[in-house]
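>>> what's the 3D shape of this:
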Amino acid sequence: MASINTNYGAMIAAQSFAATGRELDKVQNRITTGLKIANAKDNGAVWAVALTQRANSKALDATLNNLTRQQSIADVGLAAGDTIMAALTEMKALAAAIQAGGTTTAYQNDYTALSGEITAAVSAAVFDGTNALTTPSYTLNGAASATAANVQTAIDAWAGALQTIGTNAKSYERQLAFTQKLQDALEAGAGNPVDADMAKESARLTALQTKQQLGV
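Purely as a prediction, here's the structure:
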């Protein structure tokens, strides 16, 4: 005989309804946050792993910033190097003309002006307070040293210096690409175990809403 005070069927129905409500809240939270594991309460071990991976990924930001800065410094140095090598090429032709006994005053003036351009390019090659170029060892002391051999020595010296900068720039480029890929992999690795399957959760939401309506 059923009692109005202890209706067992109603109690079971109420418990089922409450369970459906809890499941519905859980699914709605997953859809809202996009996470199936949003905190340690959901799954402590998986949450901790994802948190560590995200921290490792975030730490790579400093590496990326440093590599980007070094790459920019190298780019500034190479840009100034183009100007320097162009000036030296002209200076070698002028030195040959001076040695051949041409109109030396005009040639010497041009030669001195080009030497000044090199000095200005080195001084201007600065990025974020860092000098992008270090002048290699050579001697071009004005028109007195205006010989093709002296200029060639300078060309060789700058070519070696710029080659080193170019090699470093290429290395920075590779390191930057690798670090970006590593960061993406860490982000994906952190997300895979905790991200919600939105299609599956949406279907489950519809099912639970229907079940809740039937429970009512």
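
>>> tell me which element the spatially most central residue of the chain is part of?
The centroid of the chain falls nearest to L64 when counting by CA atoms, centre = their mean (4.2 Å). Using DSSP states H and E, the element containing L64 is helix 44-99.

>>> same question for that helix, mean pLDDT?
In this model, helix 44-99 has a mean pLDDT of 91.

>>> same for it, what does it pack against?
helix 104-124, strand 126-127, helix 148-191 (3 or more CB pairs under 8 Å, 6 or more residues apart in numbering; DSSP states H and E). In this view, the C-beta of every residue, glycine as well, is placed from N, C-alpha and C.

>>> ok so, going back, quick one: the residue nearest to the centre of the chain and V122, what's the gap?
29 Å (CB to CB, to the nearest Å).

>>> on that earlier part again, of the helices and strands packed on helix 44-99, give the one that comes closest to T89.
Distance to T89, taken as CB to CB, is lowest for helix 148-191 among these, at 7.5 Å.

>>> the closest one vs helix 44-99, what angle?
Using axes from the mean of the first three to the mean of the last three CA atoms, to 10 degrees, the direction of helix 148-191 lies 170 degrees away from that of helix 44-99.

>>> in JSON lines, list the helices and strands packed on helix 44-99 along with mean pLDDT and distance to A74.
Formatted as JSON lines, the helices and strands packed on helix 44-99 follow (pLDDT from 0 to 100; distance: least, CB to CB, whole Å):
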{"stretch": "helix 104-124", "mean pLDDT": "91", "distance to A74": "15"}
{"stretch": "strand 126-127", "mean pLDDT": "96", "distance to A74": "9"}
{"stretch": "helix 148-191", "mean pLDDT": "92", "distance to A74": "4"}
